[in-house]
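Visitor: just to be clear, the model below is a prediction. Sequence and coordinates:
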Amino acid sequence: MHLVKFLVISLLFLSPHSLVFAQNYPSKPIKMIIGYPPGAATDLFGRAIAKQLQDSMGQAIVVENKVGAAGTVAAESVVRSLPDGYTILNSASQITINPFVQKLPFNSEKDLIPLIQTISVSYVLVANPKFTANNLTELVDYASKNSGKINYGSYGSGSGPHLSMAMLEKTAGIQMQHIQYRGSPQLLTALMAGEIDIAFDTTTSTLSLFQSGKIKALAIGGSKPSELFPNVPTIAKYYPGYDSDGWQGLFLPANTPSEIVKKLNAEANIALKNPVIKSLADSRGVRIEGGSSEQFSILFKKELKKYEQLIIENNIKMDN
């Protein structure tokens, strides 16, 4: 029955009527699915972009948070939706990690169309203000003398923050204890409360807490220093080649008509150039990207290969 439904839908979107359908698009509200809780970085930028798209396209963009399995619940929801342009996934780069740490009910590369990369963002190594280390050198020294006694948090096994820390552990030859949280808000709350000592999280999520002194920054995980985190060096300064930059982007279900993909990509590029988005990006220390669907597809495939190798090398176990 599912095969018949798929074939009927495919024939519909491959027919000459698909062009007319695309020309009339959008004729009803569009749903944007976000796999992270309200307040998280992906939610923040997703909602801002949705507002700009809504204003320019003249149709409501309904944002829905479907939290679970590090974004997989949301991704599966979009994969299973009709490929008609009325369901968009707003995802973080975690989507290129999940295939290698989870048993996915779909194929990320085959079942989704990368629509546009919206932003790129660096992870920051942050700590509770009372933690003994004030920089990366002190952290590595303390961890070397107190193996397994430092607690660090992440969004879960195989998440970006977890892999960033696993990379640091292997590179610096140290060992720490991993504690998992549901998402960024819960992770940072635990960090401020002293439940954990350190964590990686994005510049977007950590900036305001860093500026108010509620957390301290030890190092930048990305390839470049951040102007908003003055005097905080990159990990690569001490360990050349270390890079845990992340990104966000929009995706559509496979088999979405190319005319709709092009139209949505063009609208999203316009939205990213809006001063409101630029101001938000500048205030959060992220870089606006944009570009074609083809460019994002190339990055998406490259990231999948990168994380597959990284997870194998660091022996990250698959969640059950």
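Guide: Noted; the coordinates are in hand. Numbers count the residues shown, from 1 in each chain.

Visitor: can you list the low-confidence ranges for the stretch 201-320 of the chain?
Guide: Residues of the stretch 201-320 of the chain meeting the criterion pLDDT under 70: 318-320.

Visitor: try 80 this time
Guide: Applying pLDDT under 80 to the stretch 201-320 of the chain flags the ranges 314-315, 317-320.

Visitor: excluding chain neighbours, what is closest to the residue nearest the centre of the chain?
Guide: Nearest to the mean C-alpha position of the chain, by C-alpha atoms, centre = their mean, lies residue 92 at 1.7 Å. Excluding its sequence neighbours, the residue lying closest to residue 92 (C-beta to C-beta, 6 or more residues apart in numbering) is residue 42, at 4.8 Å. All C-beta spots, glycine's among them, are computed from the backbone N, C-alpha and C.

Visitor: and residue 249, by the same measure?
Guide: Per C-beta to C-beta, 6+ apart, closest to residue 249 is residue 117, 4.4 Å.

Visitor: where's the one you found, which helix or strand?
Guide: For residue 117, the host element (DSSP states H and E) is strand 112-121.

Visitor: quick one on the thing from earlier: so what's the residue nearest to the centre of the chain bridging to?
Guide: Per DSSP bridges, the residues bridged to residue 92 are residue 248.

Visitor: circling back to that earlier point, what sits against the residue nearest to residue 249?
Guide: 247, 248, 249, 289, 290, 291, 295, 296, 299 (C-beta atoms under 8 Å, 6 or more residues apart in numbering).

Visitor: ditto for residue 303
Guide: 93, 96.

Visitor: next: residue 134.
Guide: Residue 134 makes contact with 216, 218, according to C-beta under 8 Å, 6+ apart.

Visitor: does it sit in a helix, a strand or a coil?
Guide: coil (DSSP: H, G, I helix; E, B strand; the rest coil).

Visitor: quick one: it from residue 73, how far?
Guide: Computed as C-beta to C-beta, to the nearest Å, the residue 134 to residue 73 distance reads 38 Å.

Visitor: still on that earlier bit, against residue 79, how distant is the residue nearest to residue 249?
Guide: From residue 117 over to residue 79 the distance is 19 Å, taken as C-beta to C-beta.

Visitor: kindly report the same for residue 165.
Guide: Counting by C-beta to C-beta, the gap from residue 165 to residue 79 is 29 Å.

Visitor: can you check residue 237 too?
Guide: 40 Å.

Visitor: the more surrounded of those two?
Guide: Legend: neighbour count by other C-beta atoms under 10 Å for residue 237 and residue 79, higher for residue 79 (22 against 12).

Visitor: mind listing what that one touches?
Guide: Counting by C-beta under 8 Å, 6+ apart, residue 79 touches 106, 111, 112, 253, 254.

Visitor: specify which member of those residues is nearest to residue 88.
Guide: Of all those, residue 253 has the smallest distance to residue 88: 9.3 Å, by C-beta to C-beta.
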